[in-house]
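Q: just coords:
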């Protein structure tokens, strides 16, 4: 047996090697292409990116031609450098710096010398381009051509691939464009299409002598697929208009589908400024604006205390847990004393049940409901986890899973939160009662609150918010058509919705009614603290509002956050009502309300905060200087 084994292994190994050699040399031409690479020139044909449409078929993003000047350093010989620089409007120093950078990348491979020339810039160079070949060549690409001046945070932009991206993804080559942020990044593979490749043969003098093997290995470029977004372009434009001179976010959803109707962040910018040769300079200016932060998508990334809209969750969980019912009555004395020396203030007074508790936004009622929910269980740690599980079933405290590349999870505290905060124990319902009214340790992003109110509108379910409606020739991800059911029984939503409806009839938003549209909503005012130079400073409250309409068959759910806007019914509430009417009717019947919001500027408030920050930091610096001068070591 041993005598047979060794010859058998040798024969089998030999056959495998021969078969592999036959495959590589005869069947597979890729190795041959690589071996002949020095005699071949690879030319890429770049396709147009797919177009982007809104839900109603309005074209929002198209393409325009652009031209990149590519350089292969080893082939740059005997050219008139000064003439070349004059044609491209660059200095000789710029020329030398770019050539050095290109040579460092690769002396033999082409890389971008100057990118994104427009038609007129290219026309000036075109007739004389032959004088600078073969070292320089022109590659035609397409840049974005924005048909709207809004939605920059939705679209994202396209830019040259970075060295790190080149290392990770071999589809791209130096100078290629790739989607950054927004749907350009999320749907990059669909929008970019597929590059065409042509193999050109060169002679010993590096001259092009035609296609390699009659073009049998060449491939044709395939244009990117068009996509249709869930966004309503007119509603998006209106939302951005209402948020001029304000900071914050608006998120509007279609409750029955989870489709994002509007995703507004303020301040924003015209997406077209990130196109062309000025892109880098404009992006740097936006990036360096650390005060207004126009690149920061507040609708997806800002984690705010949700304030009174969170009372909806507190009330529903208390009903589900049997801590209260619709008839449970709590006396409010402009607040309530929940522990010795502890008092939670409230604007209302008198007896409150669930119904008037919600439309009057009574802190005493919901603080009591929360404490009863926690005190129902012997262990506050266990109780907090029960509450957390219910709240998370509304999408709070979790990454939403939507199809945009950025986001924050918000915060719904658990027992682990308080074990970290109180390592020696001793915490209980009275310690954490601020959570009841959306303060304390609770944080939420605008899109999470919009999703929360969508689940209420649907009486206990939601679909993952998403921005893609249709991809030409493809199906959208099934996770966006999968229903998520909350842990709250359907029967408890009707009394809550009744209270939210009366917010507009008798409650905190009674002055915001829209005739003929039954809106359910909830005002919110969240305390706003920040730290400057290590010092905790209270600023003007945030204005918050959540709503859905019509009550009978909800078609839109919305969350509005306005930083430093004050009471929820002052700025966020009117914006929500205007957005709802604009979407449902296509027109506004309250011109005075619209005029007030359009003209309302909070810039003075933001400037005051900036001055306060500077003064605080300057004061701290002076204190350190004075301390240093008194230090005996100095």
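A: Perfect, I can see it now. Computed from a prediction, not measured in an experiment: that's the story for all the values here.
Q: helices of the stretch 251-400 of the chain, start to end?
A: 279-288, 298-301, 311-320, 354-359, 363-375, 380-392 (DSSP state H, counting those that start in this stretch).
Q: of all these, which one comes closest to residue 472?
A: helix 298-301 (26.1 Å; C-beta to C-beta). To be clear about C-beta, it is placed using only N, CA and C from the backbone, and glycine gets the same treatment.
Q: how about that closest one: buried residues?
A: For helix 298-301, burial by neighbour count (16 or more other C-beta atoms under 10 Å) applies to 298-301.
Q: ok, residue 418 - contacts?
A: Residue 418 makes contacts with 380-381, 384, 427, 431-432, as judged by C-beta atoms under 8 Å, 6 or more residues apart in numbering.
Q: mean pLDDT lowest for which of the helices of the stretch 251-400 of the chain?
A: Of all the helices of the stretch 251-400 of the chain, helix 279-288 carries the lowest average pLDDT, namely a mean of 90.
Q: which secondary structure elements does that helix contact?
A: Counting contacts by 3 or more C-beta pairs under 8 Å, 6 or more residues apart in numbering; DSSP states H and E, helix 279-288 packs against strand 157-160.
Q: which SSE is immediately downstream of the strand it packs on?
A: Of the helices and strands lying after strand 157-160 in sequence (DSSP states H and E), the nearest is helix 163-168.
Q: elements contacting that next one?
A: Partner elements for helix 163-168 (3+ C-beta pairs under 8 Å, 6+ apart): none found.
Q: including distance to residue 449, could the buried residues of helix 298-301 go into CSV?
A: Below are those laid out as CSV (distance: C-beta to C-beta, whole Å):
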residue, distance to residue 449
298, 12
299, 10
300, 12
301, 14
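Q: and of these, the nearest to residue 158?
A: Ranked by distance to residue 158 (C-beta to C-beta), the buried residues of helix 298-301 are led by residue 300 at 19.9 Å.
Q: ok, that closest one to residue 342 distance?
A: Look at residue 300 and residue 342: by C-beta to C-beta, to the nearest Å, they are 36 Å apart.
Q: now swap in residue 248 and tell me
A: For residue 248 relative to residue 342 (C-beta to C-beta), the value is 31 Å.
Q: looking at those two, which one has more neighbours?
A: residue 248 (27 against 11; other C-beta atoms under 10 Å).
Q: you'd agree that one is up against residue 576?
A: No: counting by C-beta atoms under 8 Å, residue 576 is not a contact partner of residue 248; they are 11.9 Å apart.
Q: overlap in contacts of these two?
A: Here residue 248 and residue 576 have residue 560 as joint contacts, going by C-beta under 8 Å, 6+ apart.
Q: and the gap between residue 511 and residue 239?
A: From residue 511 to residue 239 the distance is 21 Å (C-beta to C-beta).
Q: apologies, that question was intended for residue 363.
A: For residue 363, the distance to residue 239 equals 30 Å [C-beta to C-beta].
Q: settle it for me: which of these two has more neighbours?
A: residue 239 (29 against 26).
Q: could you dump the helices of the stretch 251-400 of the chain to JSON lines with distance to residue 522?
A: JSON lines is the format used below for these (distance: least, C-beta to C-beta, whole Å):
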{"stretch": "helix 279-288", "distance to residue 522": "34"}
{"stretch": "helix 298-301", "distance to residue 522": "18"}
{"stretch": "helix 311-320", "distance to residue 522": "6"}
{"stretch": "helix 354-359", "distance to residue 522": "7"}
{"stretch": "helix 363-375", "distance to residue 522": "11"}
{"stretch": "helix 380-392", "distance to residue 522": "16"}
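Q: for residue 500, find the nearest of those.
A: helix 354-359 (6.3 Å).
Q: the closest one packs against which elements?
A: Using 3+ C-beta pairs under 8 Å, 6+ apart: helix 354-359 touches helix 311-320, helix 363-375, helix 493-503.
Q: cutoff 10 Å now
A: helix 311-320, strand 330-339, strand 342-352, helix 363-375, helix 493-503, strand 520-532 (3 or more C-beta pairs under 10 Å, 6 or more residues apart in numbering; DSSP states H and E).
Q: now do the SS call for the residue nearest to residue 320 when sequence neighbours are not counted.
A: Once flanking residues are discounted, residue 320 sits nearest to residue 488: 5.0 Å by C-beta to C-beta, 6 or more residues apart in numbering. Under DSSP: H, G, I helix; E, B strand; the rest coil, residue 488 falls in the coil class.
Q: residues in contact with residue 488?
A: Contact analysis of residue 488 by C-beta atoms under 10 Å, 6 or more residues apart in numbering lists 313, 316-317, 319-321, 390, 393-394, 455-456, 459-460, 496.
Q: neighbour count added to the residues you listed, as TSV?
A: Formatted as TSV, the contacts of residue 488 follow (neighbours: other C-beta atoms under 10 Å):
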residue	neighbour count
313	30
316	26
317	25
319	23
320	17
321	19
390	22
393	20
394	28
455	26
456	27
459	18
460	21
496	24
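Q: can you count the residues close to residue 134?
A: Counted by other C-beta under 10 Å, the residues lying close to residue 134 total 16.
Q: cool, and the one 5 residues further on?
A: Residue 139 is flanked by 18 other residues according to other C-beta under 10 Å.
Q: may I see the buried residues of stretch 116-126?
A: Going by neighbour count (16+ other C-beta under 10 Å), the buried part of stretch 116-126 is 116-117, 121-122, 125.
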